[in-house]
Structure formats: structure tokens, C-alpha cells
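1. Here you go, sequence then predicted model.
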Amino acid sequence: MKITILSLFPEMISPIINSSILKRAVNNNNVTFDIINYRDFSQNKHHTVDDTPYGGGPGMVLSIEPIYHALLSIEGYKDAHKILLSPQGKTYHQDKAKSLLQYDHIILICGHYEGFDDRIRKLVDEEISIGDYVLTGGEIAAMAIVDSVVRMLPGVLGKEDSYINDSFYNGLLDYPQYTKPRVFEGMEVPDVLLSGHHKNIEEWRLKERINRTKVRRPDLYENYLKSKKSQ
């Protein structure tokens, strides 16, 4: 997979893609990154990328020109899946992360300032928001999407299916996990995990996932029940 990120602040992105799992994914050729500073594509002598909004109002608005010309510079940009990070986009979730695995090339556009020229929306395939709150720019949102997608690429986490029990992956929260010591300050590891009986352990884990989801995220639990009824 190739991921291209358009940003005014590449220095925010580089440390993350050069660390931990993402760095390993790059080294193992699971993913390639290209970070483009679209200020380099500004068409005016001062290299500005924003301007005052027509009709008045507070703040500055991101211009369409640098974004447009930055996209034109990307090889195969027409076939790539282009995403604008925006608080007005559809809320991001695990199923959306899984759906992005189908694309060979994803382009993420990070906004900034008060907003952006609405015509930029015509240049992309979809808009995504990572939650009902506003960030200074789209870089943090872009990195959340990158991390959630890349970790599911084949071979990135080692075992092909090691992420399938993650919270949200199948509509449930993750099960409780424990490690040594067996007893700490009177708190004990459940006996079933020490039994060596794999079938009982898997049944216990599923039960705990269901119970934990029911208590902590009743909205997810209701969706889980609906999905089970439809099967």
C-alpha cells in the first residue's frame, strides 16, 4: 500500500511514521509513505496557502490552488482514494478502517486554519472525521487513520490474524488480559486462564467480551445483537 499525506506541517508526521510498528511496516515494504508540503505548490510569490473568506468572517481559509496543484503532482492521483480530513466528514470507525484496506494508494489531505475553500471537496472521494471535536489541523487525524489501517496489512503485526480480537474489530470490546505475577496485592488471575484448556479459555474470553461491551458500550452491544440476528 502507498499512502500520500498532504500537509503544511510534515514535521508533525515524520516522527510517527518513523517509529514503532509503522517504521517496521516501511522497512518490511508493507507500506510506503510520501509526505507533500502543499505550500510548495502555492502560486503566489509569498507562498501563502490561505486568504480571507469571501463574505467576511473570522480567521483565514485554505485556498484550493495549492491543494489542486499538489494533487496533480502525484503519480496516479486520479486512481488513488482521496480523503479530506474534516470535522464535517463521516465519523471514523473500525469498519471504515477495514474498508480502506482495499485501496493500493490512499491520499490524505490535512486541512488547517479556520476552514478550507469548499471547492476542495470536489477534489476528493470522501471526507472523514475522527470524532465530534475540532483539531487545529488534520495531521493528528491522518495519523490515527494511518496507524489503524497499516497495522492490519498482512505481515505487519507478525501473525496474520493477531488483530482480530482487538476492540471494535468484530463489534465487541477486547477481553481482559493478564500476565505475571499470578497474584498481586490480593488480585488473582482467573483460574480458567491457567487451566490450559483452550476451548474453555476461548469460551471465557468471548463471554467476557460480550459482558464488557454490554456494560461499557451498550450502543455497540445493541449493534452486535442485531448483527447476530441477521446471520
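-> Structure's in. What do you need? Numbering: from 1, shown residues only.
2. From L84, how far off is the nearest residue to V49 once chain neighbours are set aside?
-> Nearest residue to V49, sequence neighbours excluded (C-beta to C-beta, 6 or more residues apart in numbering): P66, at 4.8 Å. For the C-beta atoms, the positions are set from N, CA and C on the backbone; glycine is no exception. Distance of P66 to L84, given as C-beta to C-beta, to the nearest Å: 14 Å.
3. before we move on, what about L100?
-> Distance, L100 to L84, using C-beta to C-beta: 14 Å.
4. Between the two, point out the one with more neighbours.
-> The neighbour comparison of L100 against L84 (other C-beta atoms under 10 Å) goes to L84, with 24 against 20.
5. The helix or strand encompassing the more buried one - contacts with which helices or strands?
-> In this structure, L84 sits in strand 81-91 according to DSSP states H and E. Here strand 81-91 touches strand 105-110, strand 126-129, helix 139-150, going by 3 or more C-beta pairs under 8 Å, 6 or more residues apart in numbering; DSSP states H and E.
6. Buried residues of the following helix or strand past that strand, list them for me.
-> As assigned by DSSP H and E, the chain's next helix or strand after strand 81-91 is helix 94-99. The neighbour-count criterion (16 or more other C-beta atoms under 10 Å) identifies 94, 97 as the buried residues of helix 94-99.
7. Pull the distance from helix 94-99 to the chain's centre.
-> Between the centre of helix 94-99 and the centre of its chain there are 9 Å (C-alpha atoms, centre = their mean, to the nearest Å).
8. Kindly report the same for stretch 3-10.
-> Here stretch 3-10 shows a centroid-to-chain-centroid distance of 14 Å under the convention C-alpha atoms, centre = their mean.
9. That stretch - what's its average pLDDT?
-> For stretch 3-10, mean pLDDT is 97.
10. Then stretch 149-158?
-> Average pLDDT, stretch 149-158: 92.
11. cool, and stretch 108-120?
-> On average, the pLDDT along stretch 108-120 is 91.
12. What lies in contact with it?
-> Here stretch 108-120 makes contact (C-beta atoms under 8 Å, 6 or more residues apart in numbering) with 3-9, 50, 53, 57-64, 67, 82-86, 124, 136-139, 141-142, 145-146.
13. and the helices and strands packed on strand 81-91, which is most packed in?
-> Neighbour counts (mean count of other C-beta atoms under 10 Å) averaged over each of the helices and strands packed on strand 81-91 peak at strand 105-110, with a mean of 23.
14. Tell me what angle that strand forms with helix 139-150.
-> With axes from the mean of the first three to the mean of the last three C-alpha atoms, to 10 degrees defining the directions, strand 105-110 sits at 160 degrees from helix 139-150.
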